[in-house]
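Visitor: give me the fold of what follows.
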Amino acid sequence: MRVEPCCQSLLARILPAVDEKKEGTCIDVGVGTFAFYCELFARLGFKTVAVEPLPVKKLRQICQRDNITLIEGCLSDINGNQNLHLGTFAGFGNRNFSSLSPDWFGSLQEVRQVQSMRLLNLLSMVQARTVTCLKLDIEGWESAVIRQFPELPSTLMPKIVMFEYGGGVSRQKGKGGWSAQFMKGTIECLAVLKACGYGFSIGIDLAAGTKERIFDLQSSTLEPDAIFYPNAIYGNIISFHGCHYPEDEIAKIATLYYGSWVNFLLTAILSR
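Guide: Alright, predicted model coming up:
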C-alpha cells in the first residue's frame, strides 16, 4: 500500500471530523523532504507547527507561504543539544533517514549537532492549548517522545497521534527497523498509548498485498502478530484518544492506495 499518500488522505478526513472547530494545534515532527504533513494540516485550517532539524528549501517556502511555525530542531527526551546522525539509503546520502540513534539502519557516522527539546517544552514554546494531531517520523526515536505522554495534562493529550514503525527490510528478516531494539521501542509506543487511554487505531503498511489494519489498543494484548503483517516493511499507526472514525469510510479511502509497493518505493526514493 502507498503509505504516505494514504495516511495523508485519511488525516484529511479524520482531523476535521475530530476537531470540527479547528481549535487544536497540529504538529509535524520529522518533516523530511517529500511528504509534507504540515502543508496538509495548514491547508485544512489548523494552527500548524513543523519540527525539522535539517529543513530543505521547499519546506521553508511552504512554512512561509502557509504561516507554519518552523522549529529547526528535534524532539527527544532532553532539552539541549543532540548529535544527529546524517542519513543514508541505498548507498546515497538521504536526510530522510537521519536519526538521533547511532544504531539506526540509515545512520552514518557523520553527525551534526542540533537543538533538542522535550515534548512539554515544545508545546509550551508554541503555546498550544489543545493538540489535534501529533505526527512522529523520527527514525527509531518515536518511543523517546511517546514515553513522555504520561507527563502531559489531559488538555494537551493529542486527539490523534501518528507514528512510524519498521523500515529497511521486511519484518521477517528481523533487522533494520525490525531489529529487537527498535521493535521493542515500537511495542513500547503502543503500550504507553494504551495506558494513556488511546484505543481505536489504524495500521497502514507498505508491503505488497496488504490492506489497512484496524484494531483497538484497549482490547489488544499488543502481540506483534496481531498488529503487523508477517511481510510488513514500514508504515504508520494512527491512534485515537476519545474518538474514532467509521471503519467503512477508512476502507473507502485506503482502497484507493492499494497496489505494488515496488513501484511506489522506487518513486519515493527518486523523489527524495
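Visitor: from now on I want contacts and neighbour counts done on CA atoms only, so please keep to that.
Guide: OK.
Visitor: surely L120 meets L152?
Guide: Yes - if you go by C-alpha atoms under 8 Å, L120 and L152 touch, sitting 7.0 Å apart.
Visitor: for my notes, confirm I78 occurs in a helix.
Guide: No - using DSSP: H, G, I helix; E, B strand; the rest coil, the assignment for I78 is coil, not a helix.
Visitor: return the distance of it relative to D19.
Guide: 30 Å (C-alpha to C-alpha, to the nearest Å).
Visitor: and A195, by the same measure?
Guide: Where D19 is concerned, A195 sits at a distance of 23 Å (C-alpha to C-alpha).
Visitor: again with I237
Guide: Taken as C-alpha to C-alpha, the span from I237 to D19 is 19 Å.
Visitor: neighbour-wise, which of these two wins?
Guide: Neighbours per residue (other C-alpha atoms under 10 Å) separate I237 from D19, with I237 holding more: 21 against 15.
Visitor: show me where the chain has helices.
Guide: Counting by DSSP state H, the segments of the chain that form helices are 3-18, 37-43, 57-66, 119-125, 142-146, 180-195, 224-227, 247-255, 261-271.
Visitor: so which of those comes closest to H241?
Guide: Among these, helix 180-195 comes nearest to H241, with 8.8 Å by C-alpha to C-alpha.
Visitor: buried residues of that closest one, list them for me.
Guide: 182-183, 185-194 (16 or more other C-alpha atoms under 10 Å).
Visitor: show me the shaky parts of the stretch 51-200 of the chain.
Guide: Nowhere does the stretch 51-200 of the chain drop to pLDDT under 70.
Visitor: just the strands in it please.
Guide: Assigned strands in the stretch 51-200 of the chain, in chain order: 69-71, 74-75, 80-89, 92-93, 107-117, 131-136, 160-166, 198-205 (criterion: DSSP state E, counting those that start in this stretch).
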